[in-house]
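1. From the sequence below, what's the structure:
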Amino acid sequence: MGRGRAEPSMSPSSTSEKIELKKQITLFQGVSIIVGIIIGSGIFVSPVGILMNVKSVGFSLVMWVICGVYNTLCAVCYAELGASIPQSGGEYIYVKRAFGDFMGFIILWINFLLICPVGIAALSLICCVYILQPLFPDCEIPAMATKLIAICIVCLLIVINGRNVKWATRMQVVITTAKLVALAIVVIIGFIYLGTGDRENFTNSFEGTDYSAGAIALSFYSGFWAYSGWSYLNFLTEELVNPNKNLPRAILISMCIVIVVYLVANIAYLSVLTPVQMLKSTAVAVTFAGQTMGVMAWLIPILIAVSVCGTMNGTALSMSRLFFIGAKNNHMPQFMSMIQYKYLTPMSSLLVILGLTICFQTSNDIWFLIEMEGFGFASVLTMVFAGQVYLRFKEPDLVRPIKVPIILPLVLCLISFAIVILTFYQKPTESYMALCIVGVGAVLYVFGNRWQKKPKVIQSKINFVNQFFQKLLLVLPQDNPDELDWE
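-> Take a look at the predicted model:
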């Protein structure tokens with residue numbers, strides 16, 4: 001594979017080397033990406049959501065394990081799909097192959113508007129709340145300051161991802177290490193407290209448990225959000241070294257690490273805080289630090305902010321490749337399918353993500369954004385697992401280096417669909433708004449893909465926009481640099 005870079009000349013003849021994404025993400029970096037995405041704000045906030053619904057310490061720990069096992073099973077199914085169809089684009093490619101062009105576009109559109117920018121916007125606002133909290137201990141944090149810093153953080157991450165993939169993956173390794181150190185501090189302190197004999201919170205730990213289906217489903221939703229992010233490495237398959245082996249290994253190693261970390265972190269929290277104290281807390285880790293770390297309590301909010309930055313960085317790194325692949329399939333504007341000629345990164349897709357994220361950062365309701373993202377992700381999972389089952393019959397001879405029992409994706413499809421229905425019942429406003437966004441996507445698909453013979457006036461406008469951004473960003477079509485008209 002050619003690794004040379006084209007010189008910054010304005011002549012097509014000087015760009016004769018191969019323009020493409022390079023295989024440079026190792027197994028260790030893949031694990032760091034997944035762990036870095038999953039361990040974000042969830043473990044520092046979500047314990048409240050699970051405990052609030054099931055109403056007992058013992059069953060809340062059980063739910064953390066159940067949620068971890070469920071997400072691991074989902075990841076195993078994704079590993080089969082990733083090993084069988086080793087193309088970047090993840091679930092978009094899988095659904096498109098199973099159900100055709102339109103359903104593939106719907107998956108892409110949901111990721112484009114409901115999952116990627118909404119998720120990054122929510123995480124950036126959460127990150128800034130933790131950064132600013134030590135500066136405003138006794139008063140409300142100014143909303144404008146939160147939004148401005150959030151924009152600056154996202155801009156920095158996009159610049160790093162656009163400049164060099166290795167910079168982004170190495171930063172992800174550093175951030176992942178930092179957040180594991182932060183959790184190690186919590187765990188060590190918690191187990192020291194547990195070792196002193198203070199085990200009151202674990203006595204009769206299942207007393208008062210709410211075993212109703214609604215309580216379990218809602219607590220599952222909180223855990224589901226905390227574990228989300230395991231699928232993103234599938235978007236980077238073409239840049240992963242030896243993907244048939246390293247993709248499933250990275251997923252399984254990462255999920256095992258996260259389940260263990262989440263379980264021991266929750267035990268550590270409950271070794272110091274009572275269930276009542278946890279339920280009154282908006283950020284469990286901050287309350288934990290306030291009671292155990294004294295003058296060093298300010299360190300935890302900063303480490304949480306770093307942790308959340310890791311999730312944003314991994315999301316931008318992964319999702320930009322999804323939109324890049326979608327544009328190559330004519331499901332996004334053409335300029336998004338091009339690579340920056342000097343840095344060999346999907347700069348166009350990254351800048352589109354930045355623009356959409358800034359739009360969503362104007363929202364004052366972080367939890368509204370999180371619920372919108374949750375609905376989108378549950379919908380995507382439903383279609384992915386349905387497609388996986390269908391592919392067993394549609395393409396029985398497809399080489400599957402990993403092959404799970406067909407009952408597994410079938411059951412996961414039904415569970416994911418139940419989560420979608422539950423979301424409509426519990427959060428109708430967010431769900432119907434998300435459904436309207438999907439409807440708009442369907443209209444755009446008809447206009448952009450089905451309407452082939454557009455009037456020359458409309459087609460010329462589309463061509464002008466593509467050429468403008470192509471020249472502005474200095475991007476080239478992959479493997480075909482001579483198509484760029486520099487004049």
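2. Low-confidence stretches in the stretch 351-487 of the chain?
-> 364, 367, 426, 478-487 (pLDDT under 70).
3. residue ranges of the strands in it, please?
-> 475-477 (DSSP state E, counting those that start in this stretch).
4. same check, this time on the chain
-> 338-340, 475-477 (DSSP state E).
5. Which of those strands sits closest to residue 447?
-> Residue 447 sits nearest to strand 338-340 of all the strands of the chain, at 21.8 Å, using Cβ to Cβ. Bear in mind the C-beta positions are built from the backbone N, C-alpha and C, glycine included.
6. Which strands or helices does that closest one pack on?
-> helix 347-360, helix 456-473, strand 475-477 (3 or more Cβ pairs under 8 Å, 6 or more residues apart in numbering; DSSP states H and E).
7. which of the residues in the first one are buried?
-> Of all the residues in helix 347-360, those buried under the rule 16 or more other Cβ atoms under 10 Å are 347-354, 356-358, 360.
8. Distance to residue 323 added to those, as JSON lines?
-> Output for the buried residues of helix 347-360, formatted as JSON lines (distance: Cβ to Cβ, whole Å):
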{"residue": "347", "distance to residue 323": "12"}
{"residue": "348", "distance to residue 323": "9"}
{"residue": "349", "distance to residue 323": "4"}
{"residue": "350", "distance to residue 323": "9"}
{"residue": "351", "distance to residue 323": "11"}
{"residue": "352", "distance to residue 323": "7"}
{"residue": "353", "distance to residue 323": "7"}
{"residue": "354", "distance to residue 323": "12"}
{"residue": "356", "distance to residue 323": "10"}
{"residue": "357", "distance to residue 323": "13"}
{"residue": "358", "distance to residue 323": "16"}
{"residue": "360", "distance to residue 323": "16"}
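9. of those residues, closest to residue 471?
-> residue 348 (11.8 Å).
10. what about the nearest residue to the closest one once chain neighbours are set aside, how many neighbours?
-> Among residues not flanking residue 348 along the chain, residue 336 sits closest, at 4.7 Å (Cβ to Cβ, 6 or more residues apart in numbering). Here the count is done by other Cβ atoms under 10 Å, and residue 336 has 24 residues near it.
11. For residue 336, report the pLDDT, please.
-> You'll see residue 336 listed with a pLDDT of 80.
12. For it, list the residues it contacts.
-> Residues in contact with residue 336 (Cβ atoms under 8 Å, 6 or more residues apart in numbering) are 323-324, 326-327, 346, 348-349, 352.
13. Farthest-apart pair in those residues, please.
-> Checking these with Cβ to Cβ, the most distant pair is 326 and 348, at 11.9 Å.
14. separation between residue 110 and residue 160?
-> 26 Å (Cβ to Cβ, to the nearest Å).
15. returning to that earlier point: could you dump the helices and strands packed on strand 338-340 to a markdown table with distance to residue 266?
-> Output for these, formatted as a markdown table (distance: least, Cβ to Cβ, whole Å):
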| stretch | distance to residue 266 |
| --- | --- |
| helix 347-360 | 30 |
| helix 456-473 | 45 |
| strand 475-477 | 46 |
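16. Could you measure from the residue nearest to residue 348 over to residue 324?
-> Distance from residue 336 to residue 324, by Cβ to Cβ: 6 Å.
17. Determine the residues that are contacts of both of those two.
-> 346, 348-349.
18. Could you let me know which of those ends up closest to residue 115?
-> Nearest member of the shared contacts of residue 336 and residue 324 to residue 115, counting by Cβ to Cβ, is residue 349, at 14.3 Å.
19. hang on, the closest one packs against residue 324?
-> Yes. If you go by Cβ atoms under 8 Å, residue 349 and residue 324 touch, sitting 4.8 Å apart.
20. residues near the residue lying closest to residue 93 once chain neighbours are set aside, how many?
-> With Cβ to Cβ, 6+ apart as the criterion, residue 93 has its nearest non-adjacent residue at 5.1 Å, and that residue is residue 87. For residue 87, the count of nearby residues is 16 (other Cβ under 10 Å).
21. my guess is residue 87 meets residue 94, correct?
-> No. Assessed by Cβ under 8 Å, residue 87 is found out of contact with residue 94, at 9.2 Å.
22. I'd guessed residue 259 sits against residue 65; true?
-> Yes. Judged on Cβ under 8 Å, residue 259 makes contact with residue 65 at a distance of 7.0 Å.
23. More neighbours: which of those two?
-> residue 259 (18 against 14).
24. So the more buried one versus residue 268, what's the distance?
-> 15 Å.
25. Next: residue 330.
-> 50 Å.
26. try residue 108
-> 40 Å.
27. do the same with residue 313
-> In terms of Cβ to Cβ, residue 313 sits 26 Å off from residue 268.
28. So between residue 330 and residue 268, which is more surrounded?
-> residue 268 (25 against 13).
29. Chain neighbours aside, what residue packs nearest to that one?
-> Nearest one to residue 268, counting by Cβ to Cβ, 6+ apart, is residue 190 at 2.4 Å.
30. Excluding its own residues, what touches stretch 91-101? List them.
-> Residues contacting stretch 91-101 (Cβ under 8 Å, 6+ apart): 78, 81, 85, 87, 103-108, 111, 231, 234, 322, 325-326, 329, 380, 383-384, 386-388, 390-391, 394-395, 449.
31. Also stretch 272-289?
-> 43-45, 47-48, 51-52, 57, 130, 133, 186, 189-190, 193, 200-201, 268-270, 291-292, 296-297, 299-301, 304.
32. try stretch 451-459
-> Residues contacting stretch 451-459 (Cβ under 8 Å, 6+ apart): residue 462.
33. Any stretches of the stretch 51-200 of the chain with poor pLDDT?
-> Looking at the stretch 51-200 of the chain by pLDDT under 70, you get 134, 137-138, 164-165, 167-169, 172, 197-198.
34. In it, mark out all the helices, start to finish.
-> Ranges of helices in the stretch 51-200 of the chain, per DSSP state H, counting those that start in this stretch, are 57-84, 91-99, 101-110, 116-132, 143-163, 165-195.
35. by how many degrees do the third one and helix 91-99 diverge?
-> Angle of helix 101-110 versus helix 91-99, following axes from the mean of the first three to the mean of the last three Cα atoms, to 10 degrees, is 160 degrees.
36. and if you look at the last one?
-> Helix 165-195 and helix 91-99 meet at an angle of 100 degrees, taking the same axes, to 10 degrees as the criterion.
37. Would you mark the buried spots in helix 165-195?
-> Buried-residue list, helix 165-195, by 16+ other Cβ under 10 Å: 165, 168-169, 171-173, 175-176, 178-180, 182-183, 185-187, 189-190, 193-194.
38. Can you tell me how far residue 191 is from residue 291?
-> Residue 191 is 15 Å from residue 291, by Cβ to Cβ.
39. Please read the previous query as pertaining to residue 162.
-> From residue 162 over to residue 291 (counting by Cβ to Cβ), the distance is 42 Å.
40. Between the two, point out the one with more neighbours.
-> The neighbour count for residue 162 versus residue 291, taken as other Cβ under 10 Å, is higher for residue 162 (23 against 13).
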